[in-house]
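Participant: Could you look at this predicted model? Sequence included:
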Amino acid sequence: MDMIFKGLMASESHSRLTSFAVRGHIYASHRPHITDGAFYHVNPLGLWTDDDIWEYIHRFELEYSPLYDITYTAADGSTQHIKRNGCIMCGTDIQYKDNHLAILRQTHPKAWESCMNHFGYREQLYTLFKKKKNMNIYSSFTDEGTNARMIERFGSAAALFDVRPCAYDDFGELVDLSGTGLDREYDAEVLLENSGQLRFV
């Protein structure tokens with residue numbers, strides 16, 4: 001392929017904000033197994049916000065997921081809508097602490113149980129765990145463990161959603177952009193240290 005178009009927005013997470021500031025809308029990417037030159041990542045929505053997206057949807061009367069129309073009662077008694085709907089069984093962060101699946105087990109246990117058993121996710125993750133011996137993988141498909149450190153830190157799922165962390169953030173360093181984990185993105189480029197500055201290759 002020559003180009004990958006993504007719907008990523010800088011406003012979605014700290015790491016995406018930092019990545020966009022460094023890389024811009026379009027950047028070249030290289031992989032060892034691709035020998036005929038670079039391909040490009042394109043992020044046309046990089047500077048958009050949630051409000052921009054909704055304004056566009058309403059202005060042009062576009063269809064959207066009905067999940068965003070579901071309401072729930074927050075701890076303070078107010079009625080809220082789902083602010084963000086991601087990939088419920090996302091596994092891109094499976095080897096990192098507090099990954100999506102480990103948190104899903106605590107926030108949506110029925111969905112987690114269904115996916116793990118009905119769709120065979122648990123068996124596949126167990127196979128991966130036997131190869132990698134990574135305890136973060138183990139925590140994603142088992143019923144063991146305490147509350148996720150993320151939820152514990154922010155006090156509630158509602159507070160966590162307001163912070164809007166992303167799988168590619170280092171959740172322990174959400175306040176400090178210097179630790180957001182650009183080098184651990186699933187599609188991270190090679191980072192080289194050059195006179196104290198990072199540059200992408």
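Facilitator: Great, that's in hand.
Participant: what ranges do the strands span in this protein?
Facilitator: Counting by DSSP state E, one finds strands in the chain at the ranges 3-5, 26-29, 39-42, 71-73, 79-81, 191-194, 197-200.
Participant: Identify the neighbouring strands of the second one in the sheet and state each direction.
Facilitator: The strands that strand 26-29 pairs with in its sheet are strand 39-42 (antiparallel) (by DSSP bridges).
Participant: Check the offset of the partner strand from the chain's centre.
Facilitator: In this view, strand 39-42 has its centroid 19 Å away from the chain centroid, taken as Cα atoms, centre = their mean, to the nearest Å.
Participant: Give me the contacts around that strand.
Facilitator: By Cβ atoms under 8 Å, 6 or more residues apart in numbering, the residues outside strand 39-42 that reach it are 1-6, 23, 25-29, 187. (Glycine included, C-beta is placed from N, CA and C.)
Participant: Nearest to residue 94 among those?
Facilitator: Nearest to residue 94 out of the contacts of strand 39-42 is residue 187 (Cβ to Cβ; 15.3 Å).
Participant: could I get stretch 15-27 in PDB with only the CA atoms?
Facilitator: Taking Å, rounded to 0.1, in the frame of the first residue of the first chain, the C-alpha atoms of stretch 15-27 are listed here in PDB:
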ATOM      1  CA  SER A  15       0.100  10.500  23.100                       C
ATOM      2  CA  ARG A  16      -2.000  11.400  20.000                       C
ATOM      3  CA  LEU A  17      -1.600  15.100  20.700                       C
ATOM      4  CA  THR A  18       2.100  14.700  21.100                       C
ATOM      5  CA  SER A  19       2.400  12.500  18.000                       C
ATOM      6  CA  PHE A  20       0.400  15.000  15.900                       C
ATOM      7  CA  ALA A  21       2.600  17.900  17.100                       C
ATOM      8  CA  VAL A  22       5.700  16.000  16.100                       C
ATOM      9  CA  ARG A  23       4.500  14.300  12.900                       C
ATOM     10  CA  GLY A  24       1.800  16.500  11.500                       C
ATOM     11  CA  HIS A  25      -1.100  15.400   9.200                       C
ATOM     12  CA  ILE A  26       1.100  13.300   6.900                       C
ATOM     13  CA  TYR A  27       4.300  11.400   7.700                       C
END
